[in-house]
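Q: Here's my sequence, what's the structure:
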Amino acid sequence: MNARARSSDCKPGVYAAAAQEIQNMNGAFINDKMKVVPVKANFDEEVRKRLWRMHEELTAR
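A: Residues are numbered from 1 along each chain as shown. So this is what the prediction gives:
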């Protein structure tokens, strides 16, 4: 396994951290073309609640 990242692999993360136009956006991924891709599961209230409960259980240890 090659642990080195190409500079193109880092671009979406750098864009997500620095772009003013997406500063207040949550629940989305940035693809390799610097396009915001919403995650449909984020819009499902039951999924969010279940995920939050799991988070609380795992971090309470």
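
Q: if you count residues, which helix in the protein comes out on top?
A: If you go by DSSP state H, the chain has its longest helix at helix 45-59.

Q: pLDDT of that one, averaged?
A: Helix 45-59 shows an average pLDDT of 90 in the prediction.

Q: Check which helices and strands it sits against.
A: Contact here means 3 or more C-beta pairs under 8 Å, 6 or more residues apart in numbering; DSSP states H and E; on that basis helix 45-59 packs against no helix or strand. The C-beta positions use only the backbone N, C-alpha and C, and glycine is treated the same way.

Q: Could you export it as CSV, CA atoms only?
A: Extracted in CSV, the C-alpha atoms of helix 45-59 (Å, rounded to 0.1, in the frame of the first residue of the first chain):
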residue,chain,number,x,y,z
GLU,A,45,-34.5,12.6,10.7
GLU,A,46,-34.6,9.0,12.0
VAL,A,47,-31.1,8.2,10.6
ARG,A,48,-29.7,11.4,12.2
LYS,A,49,-31.3,10.4,15.6
ARG,A,50,-30.0,6.9,15.4
LEU,A,51,-26.5,8.1,14.4
TRP,A,52,-26.4,10.6,17.3
ARG,A,53,-27.5,7.9,19.8
MET,A,54,-24.7,5.6,18.5
HIS,A,55,-22.2,8.5,18.8
GLU,A,56,-23.3,9.2,22.4
GLU,A,57,-22.9,5.5,23.3
LEU,A,58,-19.5,5.1,21.8
THR,A,59,-18.1,8.3,23.3
